[in-house]
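Engineer: here you go, sequence then predicted model.
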Amino acid sequence: MPAYNFKVMQVVPPAKDFIDIVLSKTQRQTPTVVHNGWQIQRIRQFYMRKVKFTAQNWNEKLTQILEDFPKVEDIHPFYSDLLNVLYDKDHYKLALGQLNTARNLIDKLAQDYVRLLKYGDSLYRCKELKRAALGRMCTLMKQQDSSLKYLEQVRQHMSRLPGIDPNTRSLLLCGYPNVGKSSMMNILTKADVEVQPYAFTTKSLYVGHMDYKYLRWQVLDTPGILDRPLEERNTIEMQSITALAHLRAAVLYLVDVSEQCGYSLAQQAALFHSIKPLFANKPVIIVVNKIDVRPMEALSESERQLVEEMANEAGRIGGGGASTSGTDEPCLMTMSTLTEEGVMAVKQTACDQLLNFRVDMKISGKRIGDVLNRMHVAVPKTTNGVARPPVIPPSVLAARAANAKHQQKRKTEKDLQEANGGAGVYSADLRKHYDLKDPSWRYDILPEVIDGHNIADFIDPDIDAKLAEIERQEAELDAQHQQEMATVMDTDELTEDQAADLAAIRARKKQIITAHRLRKSSAGNRPVLPAKVGATGKLQAKKLRSALRAMGIDTSAAEQRIRERSQSRGRKRSRYRLYVTPLDTCC
């Protein structure tokens, strides 16, 4: 796992959005209603709470930003120098320092205005003090707009940096541009680095992972380096220099023997001797690439001498580390990334040299003494000069020899898979493990198998006769039912009057449904009208009379009874007479 994860840093908003975020949170999470009739102490507490809450929000947001961004002094020197190369360490520290100063100033502003609010003598004065406090805080953050935008750009770029662990086992590919570093990276790992026939295709560090001897390895593809002074190298080249200077990795210096990269062997050798101080205390291998275009036998004597000088220097640098264990290990290897010839051999050699180098470093360190003091290897002592080797009974040795001679190795499913086309082609035979009464039944066409048991083994042998008997009984019952239904009088036929009544009922039902749907659809925008002028008019006496007479019902008795019970809505004469009679008597 990478030692530093820059992808979890939160977004740094610009000053305008930052102000909106904090003020909206203050508006949402603090009381918003204050009355002039309140006691002055309550009014002070109302506005003091707003000032304190806003200052606390600013403090939390700025503290989160300052904690997310790594401190240059606290991280690994590789990342520290990489930050300096990519973002300018001074500008980076200045931006974080300005935010830290702004946070302290906001806290001080809050304390000052809270002290002034304690002496506010009216609602208006407390409100103006609150506005002044929040306004000065916002003005202070507006001045940090450039720092916030710069830090957001740095965050976006850092989130795209590869997760490089400076302390794990690593292979570092370096050399001139277009010598085959990215092609080798794609072969060794599952990374997909862009490969193009022009220089500086790789503009930043790329990391890929592979497995060797049950260990996880990371492979670093660095941008190309040119042979020029350190002051003249650009940001792309400085990333490679930083990785070479700080990562304890096995360095693979790739040499294009065909010179198709645009640089001669002499220039590539000069670059190697120029940057060899960066290879100190690291295993170094000179990898001659593109031997499919120009093999080593085709080199001239001077060119071969240049390559051998680089190999000797690489052996001297690699052997000058913790121990001399790498003196007999090869420091010059050949390969072709186009045909992949020799690539795996280079990988194995580099990994073995790095493992041996790391072991030698640990043994030569100061901690090995403490470890050895805690370890004790018990060795049996010889008595009377008689050796006591391990004793194994002869019968056991004979049994082992017989088993080794006659016992054949059982073929596993993986062996069968490799012998029959490999993964994706071989299909495992699951039927050979079925537990059936007769093993020859395993490959029957009948597919009904549950838990290794063939369903056919449990079927009743007389099932066909029983099914035929059941079907015969069902046929008899069906015929009997048809006869009974033929004797029953068909009551489904209707007379003409019944058919007419049924049609009228269905028409009326359809009319009711249509009217209901109409009312339901237009209920929201339908005007309220009196019943006598309504659209339906179902309560009008004329329609009621005509409908009942159409059905043959005499309505005269009902109309008479309704007239007798009905009352006039106007003033009755009896009431007038009761009202005027006393006047007449008085007169």
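Structural biologist: That came through fine.
Engineer: show me the contacts for the residue lying closest to Pro162 once chain neighbours are set aside.
Structural biologist: Nearest residue to Pro162, sequence neighbours excluded (Cβ to Cβ, 6 or more residues apart in numbering): Val207, at 4.0 Å. For the C-beta atoms, the positions are set from N, CA and C on the backbone; glycine is no exception. By Cβ atoms under 8 Å, 6 or more residues apart in numbering, the contact set of Val207 is Pro162, Gly163, Ile164, Ala191, Gln218, Val219, Leu220, Asp221.
Engineer: what helix or strand does Val207 sit in?
Structural biologist: strand 206-212 (DSSP states H and E).
Engineer: separation between Leu140 and Leu151?
Structural biologist: 17 Å (Cβ to Cβ, to the nearest Å).
Engineer: more neighbours, the two?
Structural biologist: Neighbour count, other Cβ atoms under 10 Å: between Leu140 and Leu151, Leu151 has more, with 23 against 17.
Engineer: so where does that one fall, helix or strand?
Structural biologist: Going by DSSP H and E, Leu151 is part of helix 145-159.
Engineer: which non-adjacent residue is nearest Thr189?
Structural biologist: Gly208 (2.9 Å).
Engineer: go on, Thr201?
Structural biologist: The nearest residue in space to Thr201 (Cβ to Cβ, 6+ apart) is Glu194, at 5.7 Å.
Engineer: who's in contact with the closest residue to Thr242 other than its chain neighbours?
Structural biologist: Of all residues not flanking Thr242 in the chain, Asp81 sits nearest, at 4.6 Å (Cβ to Cβ, 6+ apart). By Cβ under 8 Å, 6+ apart, the contact set of Asp81 is Thr242, Ala245, His246.
Engineer: count the neighbours of the closest residue to Ala199 other than its chain neighbours for me.
Structural biologist: Among residues not flanking Ala199 along the chain, Pro177 sits closest, at 3.7 Å (Cβ to Cβ, 6+ apart). Pro177 has 20 neighbours, counted by other Cβ under 10 Å.
Engineer: and Gly224, what element?
Structural biologist: Short version, using DSSP H and E: Gly224 is in no helix or strand.
Engineer: quick one: it from His516, how far?
Structural biologist: 83 Å.
Engineer: so where's the protein shaky on pLDDT?
Structural biologist: Applying pLDDT under 70 to the chain flags residues 1-4, 319-328, 407-408, 446-448, 488-492, 523-540, 566-587.
Engineer: separation between Met551 and Tyr176?
Structural biologist: Counting by Cβ to Cβ, the separation of Met551 from Tyr176 is 109 Å.
Engineer: looking at the two, which is more packed in?
Structural biologist: Between Met551 and Tyr176, Tyr176 has the larger neighbour count (other Cβ under 10 Å), namely 22 against 8.
Engineer: torsion angles phi and psi at the nearest residue to that one once chain neighbours are set aside?
Structural biologist: Residue nearest to Tyr176 in three dimensions, not counting chain neighbours: Tyr263, with 5.0 Å by Cβ to Cβ, 6+ apart. Backbone torsions for Tyr263, taken as degrees, to the nearest 10, come to phi -130, psi 140.
Engineer: number of nearby residues for Tyr263?
Structural biologist: Tyr263: 22 surrounding residues under other Cβ under 10 Å.
Engineer: again with Asp107
Structural biologist: With other Cβ under 10 Å as criterion, Asp107 counts 15.
Engineer: same check on the one 10 residues further on?
Structural biologist: For Leu117, the number of neighbouring residues by other Cβ under 10 Å comes to 23.
Engineer: do Pro77 as well
Structural biologist: The burial count for Pro77: 13, using other Cβ under 10 Å.
Engineer: equivalent analysis for Thr555, please.
Structural biologist: Thr555, neighbours per other Cβ under 10 Å, totals 15.
Engineer: residues touching it, list them.
Structural biologist: Residues near Thr555 by Cβ under 8 Å, 6+ apart: Leu544, Arg545, Leu548, Arg549.
Engineer: quick revisit: hey, what's the residue nearest to Pro162 bridged with?
Structural biologist: Val207 has these beta-bridge partners by DSSP bridges: Leu220.
Engineer: how close does it sit to Val293?
Structural biologist: On the measure of Cβ to Cβ, Val207 and Val293 end up 29 Å apart.
Engineer: now swap in Ile21 and tell me
Structural biologist: Going from Ile21 to Val293 by Cβ to Cβ gives 60 Å.
Engineer: now swap in Ser182 and tell me
Structural biologist: Taking Cβ to Cβ, one finds Ser182 at 18 Å from Val293.
Engineer: neighbour-wise, which of the two wins?
Structural biologist: Ser182 (24 against 14).
Engineer: so the more buried one touches Thr201, yeah?
Structural biologist: Yes. Assessed by Cβ atoms under 8 Å, Ser182 is found in contact with Thr201 at 6.6 Å.
Engineer: what residues are shared contacts of those two?
Structural biologist: Glu194, Val195.
Engineer: and Gly224 and His516? Which one has more around it.
Structural biologist: Gly224 (24 against 10).
Engineer: list the contacts of the more buried one.
Structural biologist: Gly175, Tyr176, Pro177, Asn178, Val179, Lys181, Ala199, Phe200, Thr202, Ile236, Glu237, Ser240.
Engineer: and Phe6, by the same measure?
Structural biologist: Counting by Cβ under 8 Å, 6+ apart, Phe6 has contacts Pro70, Arg155, Met158, Ser159, Leu161.
Engineer: pull up the distance across stretch 282-302, start to finish.
Structural biologist: 28 Å (Cα to Cα, to the nearest Å).
Engineer: how about that stretch: buried residues?
Structural biologist: Lys282, Pro283, Val284, Ile285, Ile286, Val287, Val288, Asn289, Lys290, Ile291, Arg294, Leu299 (16 or more other Cβ atoms under 10 Å).
Engineer: can you flag which of those residues belong to helices?
Structural biologist: Assigned to helices by DSSP state H, none of the buried residues of stretch 282-302 qualify.
Engineer: most widely separated two among those residues?
Structural biologist: Based on Cβ to Cβ, the longest span within the buried residues of stretch 282-302 runs between Lys282 and Arg294 and measures 28.4 Å.
Engineer: would you map the strands across the stretch 401-550 of the chain?
Structural biologist: 449-450, 453-454 (DSSP state E, counting those that start in this stretch).
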